[in-house]
Each structure stands twice: as C-alpha cells, then as structure tokens.
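**Q** structure for this input, please:
(chains A and B)
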There are 2 protein chains.
Amino acid sequence: MPDILHRVGIKSPSTESTYTALSTIKGLSEWWTNDTKGNSAVGGEMQFRFGPAGGFDMKVLELDRDERVLWQVVDGPAEWIGTRVGFELKQEGDYAIVLLKHMGWREPVEFMHHCSTKWATFLMSLKELIETGKGKPHPDDVLIDNWN
Amino acid sequence: MPDILHRVGIKSPSTESTYTALSTIKGLSEWWTNDTKGNSAVGGEMQFRFGPAGGFDMKVLELDRDERVLWQVVDGPAEWIGTRVGFELKQEGDYAIVLLKHMGWREPVEFMHHCSTKWATFLMSLKELIETGKGKPHPDDVLIDNWN
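**A** Residues are numbered from 1 along each chain as shown, chains lettered A, B, ... in the order given. As a prediction, the model looks like this:
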C-alpha cells in the first residue's frame, strides 16, 4: 500500500519543542489547523477541522516522548479512514528532524497526490512555528491547488 | 515500489505555460535549478546541477504537448538512478493541474522522505513562476532540512 513520506529539519537544540507541537492540542492548533480539539493522550481522540472542507478525527495510538507520535484516522474522507499518520523525531546537530509517514492508503488516487503536497506545506508550517514562533495553520495555510 | 506523488494547481488559463516550464531548458531553469543544460527533446539528456550537492541527469522519454512529460534518471544519487519522473497536466477551470509521480524508488529510505518534501517546494516554485513570473529555483530554493 502506498505511503506519503516527508522529512523536514527544524533549527532547534532538541526535539522537545517539536514533540510538544505534535502531541498537544495547543501545539497542533499552531501549525495544522486552529480548529483542533479533543484529548491528545494515548487512546484519546482529537478533532481537526478545516472549515467547510471538513476534517479528520484521529485516535492517538502511541506517544514516545520527544521521539514518536502515531495516530489512526477514525473519521474523515473515506480515503483517510483506517490510515495511520506517524511522526518520528530525532536530533541531528542543530536540527530536530521530523520524518512523517502517512501509511496505508489503499490506492494512489489523485487526492493522495494533493494530500502529499499539502502535508509538505503543513510540515513547513511546523518548521516555521518552532523557528519563528508563528506557523501557518488553517485558515492561514498555504494553498496549493483548486482543492486548497 | 514506492512512489513520490504530488499535486499542485496553478492559476493559469491553460496548461501551455506550465508545459513550457516543464519541457524547455529555460523553463526548467526558472523553477528547479538555474544550472540546467542539455537537450530537452525526446531522447535527449538534460543536466540539472545544484552546486556542491551535485545533481541529476535526465533522459527525456516522452513529451505530449500540454499534457505529459516523462524523464528517466540516468545519473545522480544511487537511489535516483533508474527511477522515472513524470508530470501529467490537465486543465480544471481556472487551474492548470500538475500531477507529479517520481516512480520506482527501490526502498522508502530517509532520502526519499527528503526528496518528497523537496519536490513539493519545487512544485510550489513552479506555481509561483507561472502565477507571478518568478520562481525559486536553486540557489534561491526553499530549504527544508539539514540536507537542504
């Protein structure tokens, strides 16, 4: 099954701030969508909304402090349901490295192409958040195509 | 074999300008790397260079006017050699849609994660080029991590 893969490096002395941005409602609301709610603990569910476009509900499967976050998509677009989104963190010199894997797409549909590019711009928003204090979460996100 | 997939939509009345930016040395030099040389006709080879980081040699396999461009990587990083890079174009309303597929990676190595994010930022550079007249080719490209 095809996966979406990405890598960004964030100028940061450790992975701690990035982990916080990936594992708390406040952190997630500062780079992905400002309409983020729910329970970010393992076993909890979070709701990410993007206005009229809808959004995603994620169940938190794993949290390894400063190292790894893993979610399962429990509601949202049909293509997303059942897929998993993982973030792996590690420090390399002055950079906190984030590897994103959005795993388990059933088919490489056109929507998957869109989501891949959109993930890249959101990861760049995460990078900006940690490096400058301000990300570009929805509704201030970078628009990539006619699907937004 | 895993593929890198992306989709951008470029505000443009047709796919013609985008096709030109994908199928000519001048066009490619305005969004990917300013150090682009070679023969962009079918069967020709093009050299894309990114300073000390090296670059890629691509053989042009297919050119379907305003619709499709396909390359094979003939030299560059070991992970890239033998892979294929395809761009499919279509018009949807006010947008020229580009689907990128970088096909045939042997393994989903960490470098593939990097290249996926980097392709996204270069496609955003292509979008900027067509929409504003100015892209962000190397050496003015958007840096995403400690590998650049």
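**Q** check chain A for me, the residue farthest from its geometric middle.
**A** Farthest-out residue of chain A from its mean C-alpha position, per CA atoms, centre = their mean: residue A:93, at 23.2 Å.
**Q** from what I see, that one and residue B:145 are in contact.
**A** No. Taking contacts as CB atoms under 8 Å, residue A:93 lies outside contact range of residue B:145: 11.1 Å. For the C-beta atoms, the positions are set from N, CA and C on the backbone; glycine is no exception.
**Q** quick one on the thing from earlier: contact partners for the residue farthest from the centre of chain A?
**A** residue B:146 (CB atoms under 8 Å, 6 or more residues apart in numbering or on different chains).
**Q** what secondary structure does the closest residue to residue A:38 other than its chain neighbours sit in?
**A** Among residues not flanking residue A:38 along the chain, residue A:46 sits closest, at 3.6 Å (CB to CB, 6 or more residues apart in numbering or on different chains). Under DSSP: H, G, I helix; E, B strand; the rest coil, residue A:46 falls in the strand class.
**Q** how close does residue A:46 sit to chain B?
**A** Note on residue A:46: its distance to chain B, by CB to the nearest CB, to the nearest Å, is 24 Å.
**Q** wouldn't that residue be in contact with residue A:35 here?
**A** No. Residue A:46 is not in contact with residue A:35 according to CB under 8 Å; the separation is 11.0 Å.
**Q** which of the two has more neighbours?
**A** Taking other CB atoms under 10 Å in any protein chain shown, residue A:46 and residue A:35 do not tie; residue A:46 has more neighbours (19 against 15).
**Q** now the helices for chain A?
**A** Assigned by DSSP state H, the helices in chain A fall at A:16-23, A:25-29, A:110-132.
**Q** which one of those lies closest to chain B?
**A** helix A:110-132 (3.3 Å; CB to the nearest CB).
**Q** any idea how far that closest one is from the chain center?
**A** Put simply, helix A:110-132 sits 8 Å off its chain's centre (CA atoms, centre = their mean, to the nearest Å).
**Q** same question for stretch A:126-145.
**A** With CA atoms, centre = their mean, you get 12 Å for stretch A:126-145.
**Q** what is the neighbour count of the spatially closest residue to residue A:121 that is not a sequence neighbour?
**A** Distances taken as CB to CB, 6+ apart place residue A:142 nearest to residue A:121, at 4.3 Å, with adjacent residues excluded. Number of residues near residue A:142 (other CB under 10 Å) recorded here: 14.
**Q** enumerate the residues of chain A near chain B.
**A** For chain A, the residues in contact with chain B (CB under 8 Å from any CB of the partner chain) are A:2-9, A:92-95, A:97, A:99-101, A:108, A:110, A:112-114, A:116-117, A:120-121, A:123-124, A:127, A:142, A:144-147.
**Q** out of the residues you listed, which end up buried?
**A** The neighbour count (16 or more other CB atoms under 10 Å in any protein chain shown) marks A:2-9, A:95, A:97, A:99-101, A:108, A:112-114, A:116-117, A:120-121, A:123-124, A:127, A:144-147 as buried among the residues of chain A next to chain B.
**Q** about what we covered before: now do the phi/psi pair for the residue farthest from the centre of chain A.
**A** For residue A:93, the backbone dihedrals (degrees, to the nearest 10) come out as phi 60, psi -130.
**Q** next one, pLDDT for residue A:7 please.
**A** Confidence at residue A:7, expressed as pLDDT, is 98.
**Q** can you pull the contacts of it?
**A** A:97, A:98, A:99, A:100, B:110, B:113, B:114, B:116, B:117, B:144, B:145, B:147.
**Q** please report how far the fourth one lies from residue B:87.
**A** Same thing as residue A:100. With distances taken as CB to CB, to the nearest Å, residue A:100 is found 23 Å from residue B:87.
**Q** cool, residue A:32 as well?
**A** Distance, residue A:32 to residue B:87, using CB to CB: 28 Å.
**Q** quick one: which of these two has more around it?
**A** Legend: neighbour count by other CB under 10 Å for residue A:32 and residue B:87, higher for residue A:32 (26 against 22).
**Q** list the contacts for the more buried one?
**A** Per CB under 8 Å, 6+ apart, neighbours of residue A:32: A:48, A:122, A:125, A:126, A:137, A:138.
**Q** give me the nearest residue to residue A:44, chain neighbours excluded.
**A** Leaving aside its chain neighbours, residue A:44 sits nearest to residue A:60 (5.3 Å; criterion: CB to CB, 6+ apart).
**Q** please read the previous query as pertaining to residue A:3.
**A** residue A:103 is the one closest to residue A:3 (CB to CB, 6+ apart), at 4.8 Å.
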